[in-house]
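3D, please:
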Amino acid sequence: MARHDRRVGYGLPLVLAIALHLAILVASMMHFPQREIEPPSATIVQATLVSTEATTDQAQRAKQARAQALARQAEEAAKASAEQEATRQAAEATRQAAEAERQRQADAETREEARRAAEEEAARRAKQAEAEAERRRQAEAEAQRQRQIEAEAQRQAEAQRQRQAEAEAQRQAEAEAQRQAEAEAQRQRQAEAEAQRQAEAEARRASEAANSFITLVRRAVEQAWVIPPNVPAGASAEISVKLGPSGELLAATLSQSSGDSAFDRSAIQAVESAAPFAELRQLPISVQRDYRQFNLRFRPGDIR
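Now for the predicted structure:
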């Protein structure tokens, strides 16, 4: 709206200058009414006598004619001067109008250039701001991605540490279990070895006690045995002995005969005479049952 008002202000001097110039041209073409002076006729010859009054009148008319001629010259000079002034003013007005138009156009171009420059600057700044915003967005996205990567790396590291801790705990638990198993196995082996040692010792003691018991039985039977006369040298009889819990004789039977009834009977009588065998109760309980029944082989001079 301001640009439109300024265009009207520059155009008005131009219109006025043109109108003034046209008015001067129209005025210069107009003729003011003048009194006609009749020139003296050269063709009429008056033969009358010119009086003083006639001469004066002619001089007066000549003077008026000169005055009119001077007036016309002055008028024409003034008109020419007015026309020149009008032309000059019109040219000046045209020049001023042209200058004003040129200035207006220059101002308009300047404003347009300034507007374009402002728009370009605004566009540049907007583009720069958009680029900066995009850069910040990308930087934020990159930072977010880095934070996610770091968080994921930290999570994986924590998971790895957790797995390692669990593996270490599992390893320690397995090592402890293995140590305890080995300790238990060692203890078991020691217990078994001790049990075996004790069993062996018990077996040795039992064997020694049993051997001692059998030796005592044989010695007692030998002391009670009366060998009949005339026994063949190769005679051999086997007697099966069965004892009670206290060593009392429950039975003495012939399990293998020597072929000599007197020899066989003497062997049975020797067992019956030597009984009871109270030494049985001195044996370990675990082996007492094993020695409550045994066989004795009788040969002349030897009992096995």
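
need the strands for the stretch 1-150 of the chain, in chain order.
Listed in chain order, the stretch 1-150 of the chain contains no strands at all (DSSP state E, counting those that start in this stretch).

The residue nearest the centre of the chain and residue 156, how far apart?
In the chain, the centroid-proximal residue (CA atoms, centre = their mean) is residue 148; its distance is 2.5 Å. Separation of residue 148 from residue 156 (CB to CB, to the nearest Å) stands at 12 Å. All C-beta spots, glycine's among them, are computed from the backbone N, C-alpha and C.

Can you check the pLDDT for residue 52?
Looking at residue 52, its pLDDT is 63.

so residue 210 makes contact with residue 290?
Yes: the criterion here is CB atoms under 8 Å, and residue 210 meets it with residue 290 at 7.5 Å.

of those two, who's got more company?
The residue with more neighbours, out of residue 210 and residue 290, is residue 210; 19 against 12, by other CB atoms under 10 Å.

element containing that one?
In this assignment (DSSP states H and E), residue 210 forms part of helix 52-224.

helices or strands next to that helix in the packing?
helix 2-29, helix 261-274, helix 285-288, strand 293-299, strand 302-303 (3 or more CB pairs under 8 Å, 6 or more residues apart in numbering; DSSP states H and E).

and the fourth one, what does it pack onto?
Going back to what we said before, that points to strand 293-299. Packed next to strand 293-299, using 3+ CB pairs under 8 Å, 6+ apart, are helix 52-224, strand 237-243, helix 261-274.

So which of the ones you listed is nearest residue 296?
In terms of CB to CB, the element of these nearest to residue 296 is strand 237-243, at 5.0 Å.

any low-confidence regions in the stretch 201-304 of the chain?
Judged by pLDDT under 70, the stretch 201-304 of the chain has its weakly predicted residues at 302.
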